[in-house]
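Enquirer: sequence-free structure coming up:
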């Protein structure tokens with residue numbers, strides 16, 4: 001039995017679907033199971049990682065876990081997983097984690113590193129997936145593309161190598177179901193470095209109309225996003241974008257290494273999600 005946490009998320013939903021399609025016994029832990037349509041083959045436990053009773057029920061009879069962890073959840077999950085005799089944990093971590101840093105740079109890296117450390121010292125077999133930038137992050141542009149042909153945001157020349165959530169999920173399934181991944185850290189990227197402006201143009205081609213990216217001052221964007229994003233996270237995001245201006249984003253072959261095929265491009269992602277824009 002494989003437990004999927006975060007099963008209604010961008011990555012977790014794909015993990016769940018791939019496991020079901022492959023014939024694996026699957027269970028999902030969900031805070032709001034009534035809000036989703038679940039495949040008939042999936043057992044669902046209501047609750048979350050902060051609920052000890054739900055966590056114990058979700059882990060009963062489970063061998064492997066896809067862990068979409070939340071801040072502060074590492075120690076409690078590790079303790080419950082040890083009691084349940086879990087064999088394998090695949091953590092969706094973050095490419096922001098720096099193994100060489102004594103103190104992580106920013107809250108996103110910090111809470112993922114904390115959970116990684118809890119797993120490293122647990123005696124459980126673990127695999128860490130560290131995606132750099134999710135292609136799905138650009139869904140935040142959808143309101144603007146529905147209203148017109150201009151995306152306004154900070155740092156037009158900030159570069160990243162956005163990775164398709166389906167590729168992250170495919171790597172996760174490989175790590176969950178195959179041997180040889182224990183103790184491994186995989187950094188997941190898309191196949192090419194693209195600036196915000198280049199991503200906007202690619203999105204426009206997928207939509208069949210020109211889309212351009214108009215740069216706004218970071219202060220303006222911060223004020224607009226502050227109503228929806230906690231200040232420490234927002235500061236972290238803007239600092240990352242600022243540091244990415246004028247450089248080529250690194251890419252890795254880890255998606256191909258684990259799945260046997262090249263990572264999907266941002267062009268592929270844009271076509272897959274065109275209806276959202």
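Expert: Okay, I see it. This one's a predicted model, so the numbers in the text were calculated from it and none came from an experiment.

Enquirer: quick one: the helices in the chain?
Expert: Ranges of helices in the chain, per DSSP state H, are 10-21, 52-59, 74-84, 107-120, 142-147, 165-177, 196-207, 218-225, 231-243, 254-259, 266-272.

Enquirer: got a markdown table for those, with mean pLDDT and distance to residue 157 too?
Expert: No exception for glycine: its C-beta is placed from N, CA and C like everyone else's. Output for the helices of the chain, formatted as a markdown table (pLDDT from 0 to 100; distance: least, CB to CB, whole Å):
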| stretch | mean pLDDT | distance to residue 157 |
| --- | --- | --- |
| helix 10-21 | 95 | 26 |
| helix 52-59 | 91 | 44 |
| helix 74-84 | 93 | 36 |
| helix 107-120 | 93 | 22 |
| helix 142-147 | 97 | 19 |
| helix 165-177 | 98 | 25 |
| helix 196-207 | 98 | 7 |
| helix 218-225 | 92 | 13 |
| helix 231-243 | 92 | 10 |
| helix 254-259 | 98 | 25 |
| helix 266-272 | 98 | 16 |
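
Enquirer: pick the most buried one from the ones you listed.
Expert: Stretch with highest mean neighbour count among the helices of the chain: helix 165-177 (a mean of 24; mean count of other CB atoms under 10 Å).

Enquirer: quick one: closest of the helices of the chain to residue 67.
Expert: Closest approach to residue 67 among those (CB to CB): helix 74-84, 6.8 Å.

Enquirer: hmm, who's touching that closest one?
Expert: Helix 74-84 is contacted from outside by 49-50, 52, 55-56, 59-60, 62, 65, 67, 69, 89, 114-115, 117-119, 122-124, using CB atoms under 8 Å, 6 or more residues apart in numbering.

Enquirer: quick revisit: and the helices of the chain: which comes nearest residue 38?
Expert: Of the helices of the chain, nearest to residue 38 by CB to CB is helix 10-21, at 8.4 Å.

Enquirer: and that closest one, what does it pack onto?
Expert: Judged by 3 or more CB pairs under 8 Å, 6 or more residues apart in numbering; DSSP states H and E, the packing partners of helix 10-21 are strand 2-5, strand 26-30, helix 165-177.

Enquirer: 6 Å instead, please
Expert: Judged by 3 or more CB pairs under 6 Å, 6 or more residues apart in numbering; DSSP states H and E, helix 10-21 is in contact with strand 2-5, helix 165-177.

Enquirer: make JSON lines from the helices of the chain and add distance to residue 93 to it.
Expert: Shown next, in JSON lines, are those (distance: least, CB to CB, whole Å):
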{"stretch": "helix 10-21", "distance to residue 93": "12"}
{"stretch": "helix 52-59", "distance to residue 93": "19"}
{"stretch": "helix 74-84", "distance to residue 93": "11"}
{"stretch": "helix 107-120", "distance to residue 93": "5"}
{"stretch": "helix 142-147", "distance to residue 93": "26"}
{"stretch": "helix 165-177", "distance to residue 93": "11"}
{"stretch": "helix 196-207", "distance to residue 93": "23"}
{"stretch": "helix 218-225", "distance to residue 93": "24"}
{"stretch": "helix 231-243", "distance to residue 93": "15"}
{"stretch": "helix 254-259", "distance to residue 93": "13"}
{"stretch": "helix 266-272", "distance to residue 93": "21"}
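
Enquirer: which ones are touching residue 59?
Expert: The contact partners of residue 59, taken as CB atoms under 6 Å, 6 or more residues apart in numbering, are 80, 84.

Enquirer: 8 Å instead?
Expert: Residue 59 makes contact with 3, 65, 80, 81, 83, 84, 86, according to CB under 8 Å, 6+ apart.

Enquirer: same question for residue 163.
Expert: So residue 163 contacts 131, 132, 133, 134, 135, 188, 189, 190, 255, 263 (CB under 8 Å, 6+ apart).

Enquirer: do you know the pLDDT at the residue lying closest to it once chain neighbours are set aside?
Expert: Nearest residue to residue 163 in three dimensions, chain neighbours excluded: residue 190, at 4.6 Å (CB to CB, 6 or more residues apart in numbering). Listed pLDDT for residue 190 reads 98.

Enquirer: brilliant, that's me finished.
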